[in-house]
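A.B. asks: Compute the structure for the input listed below.
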Amino acid sequence: MLDLHSQSEELDLLQSEEINIDLVSHSRKLTRRESIFSSGGGKPRYHHLQRSAFRVGPFSPTQIRFRSFDQLRNQGLKHDTFTLSSLVKACKSLEENEIAHGVCLRLGFGRGAFLVSGLVENYSKSGDIVSAEKCFRECLGVDNVVHTTMVCGLTFVIGALLDVKEGEHIHVYGVKMGLLSNHLNNAAMNMYVRFVKKLDVVKVFDEITDPYVVSWTERIGAASDGVEALELFKVLIFNGFEINKYTMTNVLSAISGERLLKPGKQIQGFCYRAGFFQMVSTGNALVTVYGKSGKIDDARRVFDYMICRDSVSWNSVIVGYSENGFVDQAIMLFKHMRDFSVLPNNYTMASILISFCSEH
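C.D. replies: Reported below is the predicted structural model:
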């Protein structure tokens, strides 16, 4: 920014209000903004946009922007969408966004698409989806930006919910508002998977006209058993979708038991060829598959081959040893895990204790 300002001075470009405003508003340092602002072409009276850019620029702290906004208004300077947009961007809480929304409405700018998108985003991030929807409905001339912001807001709220009833309400709400999109549907499917509402996942998936890999991944996560998960995975491969690590994890998580051991090994080979094997989540899923299938030696080989391990990796192989009756190996690995300062989880401790008690 410093070099750009110097070049602008050499080329006498600071006489242009547009360039000066842009330099002022996008300078991160307050002292630098003041220097650029003061060099505004030697004009005795600064343009109100230059004042606005200096006082309410996107890199100003929130409190400074609100205070400066009041000062500008007290000086009789008129505000426009530029300064109001900066005010909206400054909001870090629901209360601040409500204040900014009220100011926008009083000044006659509160229903313009340019400002509504920012207000809707802030309301959504604060979890107030009712106010976001009201702001969205009051918008004069909803464009793609506002529409996308509202969809993203619903997606954000659904993803953070801890109550499935609220999630169902918001999902239906989005459908009634005509905001259906792959992003919203995927978020709803993810929520239903988390709350083990598998039939709802299937229903949402079946309503998607053009599902892509994220949609298929969520659908696989809701498979009734390993056989269905494998069939869905085959369809995904057949249709040429690009598989990601989340898809592989969901497929592997659905596989267990001797009956699916052969397909599990085939998927392991696919992981090797596709480069997924070194991903921690995929390795953990494979360890779990072999452990649940009674192939603890295979589980240990996968574990030893992993370059990166996390607490799930250690806990999975220890649980595998415990559940298959190899208590001594489980305890040895448990001690080894503590040497690496990795913490066990409750399930690990319980499986070791149960196995130890059954042996003695």
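
A.B. asks: Which stretches in the stretch 51-200 of the chain count as helices?
C.D. replies: Using DSSP state H, counting those that start in this stretch, the helices of the stretch 51-200 of the chain run over 62-74, 81-90, 94-106, 113-125, 129-137, 144-160, 164-176, 182-194, 198-206.

A.B. asks: Pick the most deeply packed of those.
C.D. replies: Mean neighbours per residue, mean count of other CB atoms under 10 Å, is largest over the helices of the stretch 51-200 of the chain for helix 113-125, with a mean of 24. From N, CA and C alone the C-beta is placed, and that goes for glycine too.

A.B. asks: So for that one, mean pLDDT?
C.D. replies: Average pLDDT, helix 113-125: 75.

A.B. asks: ok, Phe276 touching Glu242?
C.D. replies: No: counting by CB atoms under 8 Å, Phe276 does not reach Glu242; the two are 12.0 Å apart.

A.B. asks: Compare the two and say which one has the larger neighbour count.
C.D. replies: Between Phe276 and Glu242, counted using other CB atoms under 10 Å, Phe276 has the larger neighbour count: 23 against 9.

A.B. asks: which residues sit in contact with that one?
C.D. replies: With contact set as CB atoms under 8 Å, 6 or more residues apart in numbering, Phe276 has these partners: 243, 245, 248, 270, 282.

A.B. asks: what about the helices of the stretch 51-200 of the chain, which gets the closest to Asp304?
C.D. replies: Closest approach to Asp304 among these (CB to CB): helix 182-194, 31.4 Å.

A.B. asks: what's the angle from that closest one to helix 198-206?
C.D. replies: Between helix 182-194 and helix 198-206, the angle comes out at 160 degrees (axes from the mean of the first three to the mean of the last three CA atoms, to 10 degrees).

A.B. asks: State the distance from Gly320 to Thr209.
C.D. replies: 42 Å (CB to CB, to the nearest Å).

A.B. asks: if you count what's nearby, which of those two comes out ahead?
C.D. replies: Per other CB under 10 Å, whichever of Gly320 and Thr209 has more neighbours is Gly320, with 28 against 6.

A.B. asks: which residues does the nearest residue to that one once chain neighbours are set aside contact?
C.D. replies: Once flanking residues are discounted, Gly320 sits nearest to Gly291: 2.7 Å by CB to CB, 6 or more residues apart in numbering. Contacts for Gly291 (CB under 8 Å, 6+ apart) come out as 299, 316-317, 319-321, 323-324.

A.B. asks: how about the helices of the stretch 51-200 of the chain in TSV, adding distance to Asp304?
C.D. replies: As requested, the helices of the stretch 51-200 of the chain are arranged in TSV below (distance: least, CB to CB, whole Å):
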stretch	distance to Asp304
helix 62-74	51
helix 81-90	51
helix 94-106	50
helix 113-125	44
helix 129-137	48
helix 144-160	36
helix 164-176	40
helix 182-194	31
helix 198-206	35
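
A.B. asks: I appreciate the help and will end here.
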